[in-house]
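J.: Sharing a sequence plus its predicted fold:
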Amino acid sequence: MTTTEAPPASPQRPYRPSAGKQLLAFLRNTWRGLTSMRTALVLLFLLALAALPGALLPQNRLNAAKVDEYITNHGWWGTLLDKLQFYDVYSSVWFSAIYLLLMISLVGCLTPRSWDYVRQMRAKPVLTPRNLARMPHHRIVRTSRTPESIREDVRKQLSGWRKIERDEADAAAGGFSISAERGYLRETGNLLFHFGMLGLIIFFALGKLYSYEGQVIVQADGSQFCNSGIYNYDSFEAGLRIDGTDLDAFCVKVNDFTARYTPSGEADYYHSNIQFQSGDDLKTNTWRPFNLQVNDPLRTAGDRVYLLGNGYSPQFTVTFPNGEQRTQNTQWRPTDTTTMLSQGATKFDQPGVTDEIQRRTKQLAITGVLAPTSFVHGGILTSTAPELNNPMVAVDVLRGDLGLDAGRGQSVFEVDQDRVADGRLKRVARQNLAVGQSVTLDDGTKVRFDGVNKWVNLQISHDPTQVYVLGFAIVMFAGLGGSLLVKRRRVWVRVRPGDDGHAGTVIEVAGLARTDQAGYGEEFQRISERLVTGRKGS
């Protein structure tokens, strides 16, 4: 007898999914993780955390000068924060990434939950358990009332509950059960909260596309500002879909400005009487009055006009050697908000000079400091209070090429220091001047300090989505209140004829709280009392 040996079994290779399946599994798991409620909460926390630097650090869009000062004072640390976009938090790459991920997470999380909610709302209450005595709350009572009268009373007492009636095995003798549920508004509130948050995020993002915001300094002497183009602004930030050619048309006239300060020099009250016109008023040149105050903006033509700050404008009159006079009233920038000590530059072109080369050698700039309440110590001028009490200026008069037509923009508050360094601008006089005093230059030009006027800083904001943002914020808080205050609970009532020779009817009531909610025991006692007695219990 010959035997044939079986060939050796080949070793089994471990199963390895293809690269395409691995990629699909990775994407599926990533999507599930991203759209989980836990991830949405983590992203919401990260968004709140990422917004903190925007509140703690100066921001370029609000005050670029403060940002430069902060960077200078903090050295390499301030420079590092600038590279990491901590001075432009809300437009930074990392803040936008968290924002976008949170939006995607909420959409992916709410879609299946919404379908589950719809199915739960359409579903009938669960069957009455066979053994109600196992429920956390249970009560059984015998009564002489008939099952039909009890049925009507239970229906009345459970009015407003989602309920369903079912006949029991002893239905011929009147046995029945009622399964009732209440508190579905808890889940409704939960969904409203998250949908409100999603709507808030979406419309806040849309607002960044279709909004604009600009600031402008207007002299408080009847001067006007018209929202007719971005060239009228001192600074302007537009959304991605705004090109500045179709702004809402309105005009503002600033008649005066009043400031009140505390004894320590802190601002206590800002007020400006203004007039405005928009819509048909522009055609008829009709001006309407408005009292503009801090945190009380003018709302017109879909825009808001805020009063942000104020300052002083020294007025100078220059009398040139040929007898011609030029008067200018230019705003100077406060360097100390406590005393309103201000710095600036008022620039003049000499009239009657047609030769371009000659004209560039005879331009004047009056630079220095303005002290509203002046105090001179050792020849140094300073200010002791922000009010206009005996104002003085300490000025340097520069003559030469200001670079006004060099094709480059320059600050209205200062001159180009490079031109001072290379000699194109030379100082020809330095003097402290009180109101009415003057200084005469070497060529006979006379510079007189006439007095001080006031200016206000206005901010114009346009955001067509602000009403929607407010609406979704209200929805979010209403949903949060519903999810926290509403209780999910169930009640079962079983009515059956007496057994073991006992006459009458047995009423069995059981309750279950679907959420951890203290106090349901007391509520169940009140509900069961009404159900077994047919009247409102005490």
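T.: Thanks, I have the structure now. Residues are numbered from 1 along each chain as shown.

J.: Poorly predicted segments of the stretch 51-200 of the chain, please.
T.: Low-confidence segments of the stretch 51-200 of the chain, defined by pLDDT under 70, span residues 170-174.

J.: Show me the strands in it, by range?
T.: Under the criterion DSSP state E, counting those that start in this stretch, strands of the stretch 51-200 of the chain are mapped to 137-143, 162-167, 176-182.

J.: tell me the most buried of the ones you listed?
T.: Here the criterion is mean neighbour count by mean count of other C-beta atoms under 10 Å, and of the strands of the stretch 51-200 of the chain the winner is strand 176-182, at a mean of 21. From N, CA and C alone the C-beta is placed, and that goes for glycine too.

J.: circling back to that earlier point, in JSON lines: the strands of the stretch 51-200 of the chain, plus distance to residue 340.
T.: Below are these laid out as JSON lines (distance: least, C-beta to C-beta, whole Å):
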{"stretch": "strand 137-143", "distance to residue 340": "71"}
{"stretch": "strand 162-167", "distance to residue 340": "67"}
{"stretch": "strand 176-182", "distance to residue 340": "64"}
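
J.: what's the helix or strand for residue 388?
T.: For residue 388, there is no host helix or strand (DSSP states H and E).

J.: Pull the contacting residues for the residue lying closest to it once chain neighbours are set aside.
T.: Excluding the flanking residues, the one nearest residue 388 by C-beta to C-beta, 6 or more residues apart in numbering is residue 372, at 5.0 Å. With contact set as C-beta atoms under 8 Å, 6 or more residues apart in numbering, residue 372 has these partners: 312, 339-342, 383, 385-389, 391, 452.

J.: Endpoint to endpoint, stretch 221-230 covers what distance?
T.: Its first and final residues considered, stretch 221-230 spans 23 Å by C-alpha to C-alpha, to the nearest Å.

J.: May I have the secondary structure class of the spatially most central residue of the chain?
T.: Among the residues of the chain, the one closest to the centroid is residue 204, at 8.0 Å (C-alpha atoms, centre = their mean). When the structure is reduced to helix, strand and coil (DSSP: H, G, I helix; E, B strand; the rest coil), residue 204 reads as helix.

J.: Against residue 198, how distant is it?
T.: The spacing between residue 204 and residue 198, counted by C-beta to C-beta, to the nearest Å, is 11 Å.

J.: about what we covered before: for the strands of the stretch 51-200 of the chain, which one sits closest to residue 416?
T.: Residue 416 lies closest to strand 176-182 among the strands of the stretch 51-200 of the chain, at 75.4 Å (C-beta to C-beta).

J.: so how far is that closest one from its chain's centroid?
T.: Relative to the chain's own centre, strand 176-182 is displaced by 47 Å; criterion: C-alpha atoms, centre = their mean, to the nearest Å.

J.: which residues of the stretch 51-200 of the chain fall in helices?
T.: Using DSSP state H, counting those that start in this stretch, the helices assigned to the stretch 51-200 of the chain run over residues 64-83, 93-122, 147-157, 185-210.

J.: packing partners for the last one?
T.: Other helices and strands packing on helix 185-210, by 3 or more C-beta pairs under 8 Å, 6 or more residues apart in numbering; DSSP states H and E, are helix 93-122, helix 466-485.

J.: Past the last one, which element shows up next along the chain?
T.: Proceeding C-terminally, helix 466-485 gives way to strand 489-497 as the next helix or strand, assigned by DSSP H and E.

J.: Spatially nearest residue to residue 260, not counting backbone neighbours?
T.: Leaving out its chain neighbours, residue 260 is closest to residue 269 (C-beta to C-beta, 6+ apart), at 3.9 Å.

J.: Surely that neighbour touches residue 262?
T.: No: checked against C-beta atoms under 8 Å, the pair residue 269 and residue 262 is beyond contact range at 9.7 Å.

J.: For the least confident helix or strand in the chain by mean pLDDT, buried residues please.
T.: Sorted by mean pLDDT, DSSP states H and E, the helices and strands of the chain end with helix 356-360, the least confident at a mean of 77. Within helix 356-360, the residues scored as buried using 16 or more other C-beta atoms under 10 Å are 359-360.

J.: likewise stretch 242-262?
T.: 242, 247-248, 250-254, 257, 259.

J.: what about it, how long is it end to end?
T.: 42 Å.

J.: pLDDT of that stretch, averaged?
T.: When pLDDT is averaged over stretch 242-262, the result is 91.

J.: cool, stretch 492-511 as well?
T.: Per-residue confidence for stretch 492-511 averages out to 80 on the pLDDT scale.

J.: Contacts for it, please.
T.: Outside of stretch 492-511, the residues that reach it under the criterion C-beta under 8 Å, 6+ apart are 128-129, 132-133, 135-147, 150-151, 154, 158, 168, 170, 173-180, 489-491, 520, 524, 527-528, 531-532.

J.: ok, of those residues, which come out buried?
T.: Members of the contacts of stretch 492-511 that pass the buried threshold by neighbour count (16+ other C-beta under 10 Å) are listed as 128, 132, 135, 137-139, 143, 147, 150, 154, 158, 168, 174-180, 489-491, 520, 524, 527-528, 531-532.

J.: what helices or strands is whichever strand or helix holds residue 430 leaning on?
T.: Secondary structure assignment for residue 430, by DSSP H and E: strand 425-434. Applying 3+ C-beta pairs under 8 Å, 6+ apart, one finds that strand 425-434 contacts strand 392-400, helix 417-421, strand 438-440, strand 446-462.

J.: Just the CA atoms of the second one, as CSV, please.
T.: Read it as helix 417-421. Coordinates of the C-alpha atoms in helix 417-421 are reproduced here as CSV (Å, rounded to 0.1, in the frame of the first residue of the first chain):
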residue,chain,number,x,y,z
GLN,A,417,12.2,112.8,9.3
ASP,A,418,14.5,111.6,6.5
ARG,A,419,14.2,115.0,4.9
VAL,A,420,15.2,116.6,8.2
ALA,A,421,18.1,114.3,8.5
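
J.: Okay, buried residues for it please.
T.: Along helix 417-421, these residues count as buried under the neighbour rule (16+ other C-beta under 10 Å): 419-420.

J.: same thing with the longest one?
T.: Neighbour-count burial for strand 446-462, with 16+ other C-beta under 10 Å as criterion, is recorded at 447-449, 452-460, 462.

J.: pretty sure residue 475 is in contact with residue 195, am I right?
T.: Yes: applying C-beta under 8 Å, one finds residue 475 in contact with residue 195, separated by 7.1 Å.

J.: Show the residue spans covered by the helices in the stretch 251-400 of the chain.
T.: Counting by DSSP H, counting those that start in this stretch, the stretch 251-400 of the chain has helices at residues 280-284, 356-360.

J.: could the ones you listed go into CSV alongside distance to residue 35?
T.: Formatted as CSV, the entries for the helices of the stretch 251-400 of the chain read as follows, by distance: least, C-beta to C-beta, whole Å:
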stretch, distance to residue 35
helix 280-284, 51
helix 356-360, 66
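
J.: quick one, which of those helices is nearest to residue 56?
T.: If you check each of those against residue 56 by C-beta to C-beta, helix 280-284 wins as the nearest, at 42.5 Å.

J.: Mind listing what's buried along the closest one?
T.: Using 16+ other C-beta under 10 Å, the residues of helix 280-284 that count as buried are residue 281.

J.: quick one: contacts of that helix?
T.: Outside helix 280-284, the residues touching it (C-beta under 8 Å, 6+ apart) are 249-251, 286-288.

J.: now do stretch 383-392
T.: Outside of stretch 383-392, the residues within contact range by C-beta under 8 Å, 6+ apart are 259, 261, 265, 267, 312, 314, 336-341, 370-376, 381, 432-435, 451-452.
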